[in-house]
Structure formats: C-alpha cells, structure tokens
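> Quick one, fold the following:
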Amino acid sequence: MKIESERDIVTSRSCGRKLAAELGFSAVEQARITAAISELARNIYKYAGSGTICIHSEQDARKVGIYITAKDNGPGISNLQEAMLDGYTTGGGLGRGLPGVKRLMDNFDITSSTTEGTCVQVAKYRIIHKKGLFRI
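You can find the predicted model right below:
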C-alpha cells in the first residue's frame, strides 16, 4: 500500500493488526507488529515523503510468519550503524525508531543508499503447536 499521508499510516497499521489477528498472534504480538508498522510507515512519510508498505504472510508446518517490507525512494540513511543506535535521531524525536522496530520483530534487515532510498524488511513468527502431540 502507498504511504503518502497520515491516513495511510493509520490504514497500514489497521491492515497489519487485522492480518496478525487472523494468523492467531496474541494481542501483545499484534501490538508489537502494529507498532513496528506504524514506525516504518511514519519514517517513510516523515523522511521520504512517500513510499510503500507491503504486508504478507507465509506458513509452513512449524510456524506462521507475518512479513513487512517498507520501501521509499527518499534521501537514504547516510550512516546505518549510527541510525541503529538508541537515541540517534535526525528528526528531533527520541531516537527509538529503527532500533525499536528491530527489538519488536524477530527478523530485521535494512538497506539504504543516498541514490535509491531505504528498504526495511521485518518479520514476526508464531510457532504452530499441534494439540495432543508431545514427546517424552
């Protein structure tokens, strides 16, 4: 989905929460996923002006995953190592954005360049427990 306004941020959060609920994530995990989507969408809007958030799921016999890709064509992040430090900010905020997203999710990958913008890919997993099966 396109991120071009505050309304788009809210819509992306809602879509992520709905999918997480449908996939059986707990309320706490839904909140974490929603917070991560919100931060990624807000960063797109604030720093690049526009971009996209793609949310999808995959499942195998052991786990179900929700995958989020945030992509923009903005100015990029000049120093990724510094941007991943708690407290680092260029926008006057608290500097908890990207490091916070990394803590909230199970997988986190970021690429950024000053010519191609930024792409953040994150995932959260839920283990599928088979009822009635156990090992001794």
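> which secondary element of the protein has the worst mean pLDDT?
Sorting the helices and strands of the chain by mean pLDDT, DSSP states H and E puts helix 80-83 at the bottom, at a mean of 86.
> after it comes which helix or strand?
Proceeding N to C from helix 80-83, the next assigned helix or strand is helix 97-104, under DSSP states H and E.
> elements contacting that following helix?
helix 27-43, strand 107-113, strand 117-127 (3 or more C-beta pairs under 8 Å, 6 or more residues apart in numbering; DSSP states H and E). Backbone N, C-alpha and C define where each C-beta goes, glycine included.
> Any idea which of the ones you listed gets closest to Ile66?
With C-beta to C-beta as the measure, strand 117-127 is the member of these nearest Ile66 (5.2 Å).
> about what we covered before: wait, which of the helices and strands packed on helix 97-104 is closest to Val101?
It is, among the helices and strands packed on helix 97-104 and with distance given as C-beta to C-beta, helix 27-43, at 4.7 Å.
> starting at the chain centroid, how far to that closest one?
Its chain's C-alpha centre lies 6 Å from the corresponding centre of helix 27-43 when counted by C-alpha atoms, centre = their mean, to the nearest Å.
> got it, and stretch 22-30?
Centroid displacement of stretch 22-30 relative to its chain, using C-alpha atoms, centre = their mean, is 15 Å.
> buried sites along the least confident helix or strand of the chain?
Ala83 (16 or more other C-beta atoms under 10 Å).
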